[in-house]
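Q: Structure, please.
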Amino acid sequence: MRFHDASGDDEVNIRALFTGRVLSLGRAISQARPIIQAVRRGGDSAVATMAMKFDGFAGGSFAVPKKKLAAAESRLPRPLISSLKESLRRVKQYHSRQTLKPFEFRDSCGTFGQKVVPLDRVGIYAPGGTASYASTVLMASVPARIAGVREIALATPARGGAVDDVVLAAAHISGIDEVYSIGGAHAIAAMAYGTESVRAVDKIVGPGGPVVTAAKLLVRDDCDIDFLAGPSEVMIIADGSANPELIALEMIAQLEHDVQSIAVTVSPSEALLRRSAEALTTLMSDVGRKAIVRSAAKDGAQFVKTRSLRQAMALSNRFAPEHLLIATKEPERQLRTVRNAGSVFLGEESSVAFGDYCAGTNHILPTMGVARTKSSLSVYDFLKTIPYQSLTRRGVDRLAPVVGTIARAEDLPNHATAAEARRSGGSE
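A: Numbering: from 1, shown residues only. Model (predicted):
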């Protein structure tokens, strides 16, 4: 754990406070690049080699037959299936309100408008590693389907040679078209460039480890991606009224993702910070995934003292956290000042865990400060807008001189000629 006193410094250095947050992809890129190159050259053969090495792939087809998806659902306990379906319902309920509409208007110059068109084919990456992310399957597929994407493919690593039943069941209930039991950089390459058995997609979404993130970086000039994601992170803004044990539990929930996860509590109350740190130490002695939690907490558990909630919120906006939990008496008041965050949770009862699974908001979020410029995954990620225009004769006559003046100023005379040739009397 680390403690910082920022109460006397408005310009506290974020990097100095949270040194563990700097994500270096250099090594991951050096690992991912030859894998991508091999898949581009060798197709299925290269993917099979990598899948055998990293995924426990035993040979045969990468594609998981649809009957296996239904069979996986039938094997799971009913409460789990009910929970997945409730999560699916709530994610649909939230994302169905994300609308990007076409429009058209007319003025004296003509007709102008915007078409809204969904992507044709999207690839979802659901991580494997130390956990099973069925929830990610729901979070990625629902907004894509609402947007109108025609085909959705899922790639997810097979742990021990097989994809977890809960992931297959999530794919089944969300109506995913294709499932491939491959992970890592070779899965990203297969979806980006296509192989004999995996057709290329237009865009890849979903989180992953450093090598997957590096692979997405390397293919993004050829296949669109959502954003680059680093280790999971939460920032908790709290006042003296907050419950220290709930804060500690929130930090632990985030730290269990990965040894590089970050959980930061910021407060003007030194007593609250001290009690929260004590609760964290106590609770960590007997939690699930204890080794990961304790390792992550060494550098990732941070406590920052500020002189006011206003300063705490200013620090949060500079940090741009993936998850922001505001555990204060009046969280809605602090919400008004939020400028940069992946997703915001108001009040200490609103655990990030609800957003991770079933509140309905998306849990695929920008990390590493990317929330300064990027939003959570949404329906908008799967749509593109196409402007169109139809000029009237009057519009041509009115606007051609404008084109001519600006085009010649930019030293592009042929643009001017193209516009002016369409005037009623031709170019002058």
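Q: Scan the helices and strands of this protein for the one with the lowest mean pLDDT.
A: helix 14-17 (a mean of 56; mean pLDDT, DSSP states H and E).
Q: so how far is the next helix or strand after that helix off the chain centroid?
A: Using DSSP states H and E, the helix or strand that directly follows helix 14-17 along the chain is helix 26-42. Mean-position distance between helix 26-42 and its chain equals 23 Å (CA atoms, centre = their mean, to the nearest Å).
Q: just stretch 253-264 next, same as before
A: Mean-position distance between stretch 253-264 and its chain equals 17 Å (CA atoms, centre = their mean).
Q: Also stretch 72-82?
A: 27 Å.
Q: ok, residues contacting it?
A: Asp165, Val166, Leu168, Ala169, His172, Ile173 (CB atoms under 8 Å, 6 or more residues apart in numbering). All C-beta spots, glycine's among them, are computed from the backbone N, C-alpha and C.
Q: where in the stretch 151-300 of the chain is pLDDT low?
A: Low-confidence segments of the stretch 151-300 of the chain, defined by pLDDT under 70, are absent.
Q: How about residues contacting the helix or strand Ala291 falls within?
A: In the assignment (DSSP H and E), Ala291 maps to helix 290-300. With CB under 8 Å, 6+ apart as the test, helix 290-300 has contacts from 1-2, 19-20, 130, 231, 251-252, 255-263, 280, 284, 287.
Q: Return the subset of those residues lying in strands.
A: Taking DSSP state E, the ones among these that sit in strands are Arg2, Ile262, Ala263.
Q: any idea which of those has the most stuff around it?
A: Most neighbours among the ones in strands among the contacts of helix 290-300, by other CB atoms under 10 Å: Ala263, with 32 neighbours.
Q: was I right about it contacting Leu249?
A: No: Ala263 is beyond contact range of Leu249, at 10.6 Å (criterion: CB atoms under 8 Å).
Q: Which positions within the strand or helix carrying Ile81 qualify as buried?
A: Using DSSP H and E, Ile81 sits within helix 78-95. Neighbour counts over helix 78-95 (16 or more other CB atoms under 10 Å) mark Ile81, Ser83, Leu84, Ser87, Leu88, Arg90, Val91, Lys92, Tyr94, His95 as buried.
Q: so what's the second one up against?
A: Think Ser83. With the criterion set at CB under 8 Å, 6+ apart, Ser83 makes contact with Tyr357, Cys358.
Q: For Leu325, pull up the helix or strand it's in.
A: Going by DSSP H and E, Leu325 is in strand 323-327.
Q: what's the next helix or strand after that strand packed up against?
A: As assigned by DSSP H and E, the chain's next helix or strand after strand 323-327 is helix 331-335. Contacts defined by 3 or more CB pairs under 8 Å, 6 or more residues apart in numbering; DSSP states H and E place helix 331-335 against strand 343-346.
Q: Near Ala409, how many other residues are there?
A: 9.
Q: Just give me the neighbour total for Arg106.
A: Arg106: 11 surrounding residues under other CB under 10 Å.
Q: Also Arg150?
A: 12.
Q: and the nearest residue to it once chain neighbours are set aside, how many residues sit next to it?
A: Nearest non-adjacent residue to Arg150, counting by CB to CB, 6 or more residues apart in numbering: Asp120, 5.5 Å away. Applying other CB under 10 Å, we find 12 residues neighbouring Asp120.
Q: can you check Asn317 too?
A: 17.
Q: Report the secondary structure element holding it.
A: helix 309-319.
Q: quick one: that helix to strand 323-327, angle?
A: 170 degrees (axes from the mean of the first three to the mean of the last three CA atoms, to 10 degrees).
Q: Need the residues that contact helix 309-319.
A: 6-7, 10, 12, 14, 18, 235, 237, 239, 264, 266-268, 304, 306, 324, 328, 334, 337-341, 369.
Q: quick one: average confidence on that helix?
A: Averaged across helix 309-319, pLDDT comes to 94.
Q: would you put the C-alpha positions of it in PDB?
A: Provided in PDB are the C-alpha atoms of helix 309-319 (Å, rounded to 0.1, in the frame of the first residue of the first chain):
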ATOM      1  CA  LEU A 309     -13.600  17.200  -1.900                       C
ATOM      2  CA  ARG A 310     -13.200  19.800  -4.600                       C
ATOM      3  CA  GLN A 311      -9.500  19.000  -4.800                       C
ATOM      4  CA  ALA A 312     -10.300  15.300  -4.800                       C
ATOM      5  CA  MET A 313     -12.600  15.700  -7.800                       C
ATOM      6  CA  ALA A 314     -10.000  17.800  -9.600                       C
ATOM      7  CA  LEU A 315      -7.400  15.000  -9.100                       C
ATOM      8  CA  SER A 316      -9.900  12.500 -10.300                       C
ATOM      9  CA  ASN A 317     -10.500  14.400 -13.500                       C
ATOM     10  CA  ARG A 318      -6.700  14.400 -14.100                       C
ATOM     11  CA  PHE A 319      -6.500  10.700 -13.400                       C
END
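Q: How far away from the center of its chain is it?
A: For helix 309-319, the distance to the chain centre is 23 Å (CA atoms, centre = their mean).
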